[in-house]
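Enquirer: for reference, the sequence and a predicted model appear below.
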Amino acid sequence: MVRRTVHLGIGAAITIAFFILATSIYAPLQPADAAPRMTIFIPMFLVPMLLVGLLPGVRELQVAGAQSLLGVRDVVVPEPMRLAHRWRTALWTFVHQIIGTIVAVLGLVGMMVVAVLAHFLSRSEPFSIPGLTLDRPQGPAQWTLYLGLSVVVLSVVVVLVWAGGIGARWSAPLLLGPLGPDRLALAEQRLAAEQEYRRLSRDLHDGVGHSLSAISLQAEAGQRLLHRAGPDPHAQRAQQSLQVIADLAADAVGELDSVLGVLRAETESDAVSARTPAGTNGTDLDRLPALLAAHRERGLEIHTDLGFDADQLPLVLSRTAYRICAEGLTNAAKYATGPVQLTIHDTTDALHLTLTNPVGVTEPGRRQGRGLVGLSESVQLLDGELIAGPQDGQWVLAATLARGGTRG
């Protein structure tokens, strides 16, 4: 409500500016002994209010104000600006000024009521301003009546101001929203973006996917050759290394297929289906205990607060969460000066992950590497949010991964 009232207050300020402008032009032309001619003054006052919305840049300002102060999202700055856009912008600007002026007058009434009440509580003499004199209430009955009227007036003012903000928020998309040709252009842009997603997914699958599959096959072939070499300790260690390479390549192929499944989703239902629970196939968060154990073996002190069922998590969410944990723990192992706290909780709407540790002497900016940038892009693709940075002496890596989100 406060932001909407501020937005309407800006409209009132513009109205006052045009009123002062019209007065400064009209007053020198009006004879001193003649009565004001409203048929001349009112058009001088209203015409600029109607035409100001046609000026270049007003549409951009009004759209920014509607988005940031009214909380409206379905407003656009079209390219190119057509005549229909211009007159709608002019009409909205005029409506903005009218509603803002009404709200400003109501605000003055409310402030007047408060000022009179404060005067009567602090002084015994009547309240007097040019054109108005109010006697101080005497006795409990008059005080009760005055306080009751004050509460009623203030309540009406608050309700009307609130209604003015709601009306402005409702009417802004009608006049600043996209027209039919604009919606068609947005749909074409979205279709072009979807086609680009699918093209990139095909290129990634054909290039990276095939290379990873080849790595896995070569590693398995190397294992078979070393197995024939007999129980040589060096051959056994080489077999283990090749097994790790094969497993990592297979996991990378699976993750690539999952992400490309989101990129290549042609409908909303396809995008949601890519996030169905993994069930018995296993998820990357199933490997979180092993990841934690590996870092603990290297000397990293880790405290955990885990509340999720890995088997019930969507596959892409689980793999993204695991990547965030892996990246965060790797950075903590490099820069942390104290224990690491890892918290993961699953709700009906989202998976919430937070990793904190004390900021070391190494400048925090060094931790803003390509890993965090890539994670941020992956989280945004899943309609989530990723925050990484120092807060109150702690380095905080926090992510919210929405369940059932779709690309927007």
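Expert: Cool, got the structure. Numbers count the residues shown, from 1 in each chain.
Enquirer: the least confident helix or strand in the chain by mean pLDDT: what's the following helix or strand?
Expert: Within the chain, no helix or strand scores below helix 268-273, which has a mean of 42 by mean pLDDT, DSSP states H and E. Counting by DSSP states H and E, the next helix or strand C-terminal to helix 268-273 is helix 288-297.
Enquirer: so Ala163 versus Glu297, what's the distance?
Expert: Going from Ala163 to Glu297 by C-beta to C-beta, to the nearest Å gives 64 Å. All C-beta spots, glycine's among them, are computed from the backbone N, C-alpha and C.
Enquirer: which residues touch Gly165?
Expert: Gly165 is in contact with 1, 4-5, 7-8, 70, 103, counting by C-beta atoms under 8 Å, 6 or more residues apart in numbering.
Enquirer: looking at Ala163 and Glu297, which is more packed in?
Expert: Ala163 (12 against 8; other C-beta atoms under 10 Å).
Enquirer: and the contacts of Gly165, which is closest to Leu306?
Expert: Of all those, Leu306 sits closest to Met1, with 39.9 Å by C-beta to C-beta.
Enquirer: count the residues that sit near the closest one.
Expert: Met1 has 10 nearby residues by other C-beta under 10 Å.
Enquirer: how about the secondary structure of Thr343?
Expert: Recorded secondary structure, Thr343: strand (DSSP: H, G, I helix; E, B strand; the rest coil).
Enquirer: if it is in a bridge, with which residues?
Expert: Asp305, Thr354 (DSSP bridges).
Enquirer: now for it: which residues touch it?
Expert: Here Thr343 is in contact with 304-306, 352-355 (C-beta under 8 Å, 6+ apart).
Enquirer: buried ones from those residues, can you make that a ChimeraX selection?
Expert: Applying 16 or more other C-beta atoms under 10 Å to the contacts of Thr343 leaves a buried subset, and the ChimeraX line that selects it is:
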select :352,353,354,355
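Enquirer: farthest pair in the contacts of Thr343?
Expert: Thr304 and His352 (13.9 Å).
Enquirer: which residues are in contact with each of these two?
Expert: 343-344.
Enquirer: now Arg296: how far from Leu342?
Expert: 12 Å.
Enquirer: re the thing from before, just put the contacts of Gly165 in CSV and tack on pLDDT.
Expert: Listed next are the contacts of Gly165 as CSV, based on pLDDT from 0 to 100:
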residue, pLDDT
Met1, 78
Arg4, 84
Thr5, 84
His7, 83
Leu8, 83
Leu70, 81
Val103, 86
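Enquirer: make sure Val76 is indeed in a strand.
Expert: No: assessed with three-state DSSP, Val76 is coil; it does not lie in a strand.
Enquirer: relative to Leu108, how far out is the closest residue in space to it that isn't next to it in sequence?
Expert: Among residues not flanking Val76 along the chain, Pro178 sits closest, at 4.8 Å (C-beta to C-beta, 6 or more residues apart in numbering). For Pro178, the distance to Leu108 (C-beta to C-beta) stands at 37 Å.
Enquirer: burial count for Leu61?
Expert: 14.
Enquirer: before we move on, what about Val116?
Expert: By the other C-beta under 10 Å criterion, the neighbourhood of Val116 contains 17 residues.
Enquirer: does it really touch Leu134, like I thought?
Expert: Yes: in terms of C-beta atoms under 8 Å, Val116 counts as a neighbour of Leu134; the distance is 6.2 Å.
Enquirer: where do the contact lists of these two overlap?
Expert: Phe127.
Enquirer: output the below-cut-off pLDDT ranges for this structure.
Expert: 31-36, 197-214, 217, 229-231, 233, 253-283, 360-371, 404-408 (pLDDT under 70).
Enquirer: where do the strands sit along it?
Expert: 127-129, 132-134, 302-307, 340-346, 350-358, 385-391, 394-402 (DSSP state E).
Enquirer: Pro178 and Leu108: who's more crowded?
Expert: Legend: neighbour count by other C-beta under 10 Å for Pro178 and Leu108, higher for Pro178 (16 against 11).
Enquirer: give the other helices and strands that the longest helix along the chain contacts.
Expert: Longest helix of the chain, by residue count under DSSP state H: helix 83-122. Judged by 3 or more C-beta pairs under 8 Å, 6 or more residues apart in numbering; DSSP states H and E, the packing partners of helix 83-122 are helix 2-29, helix 38-51, helix 58-68, strand 127-129, helix 139-176.
Enquirer: go with 6 Å
Expert: helix 2-29, helix 38-51, helix 139-176 (3 or more C-beta pairs under 6 Å, 6 or more residues apart in numbering; DSSP states H and E).
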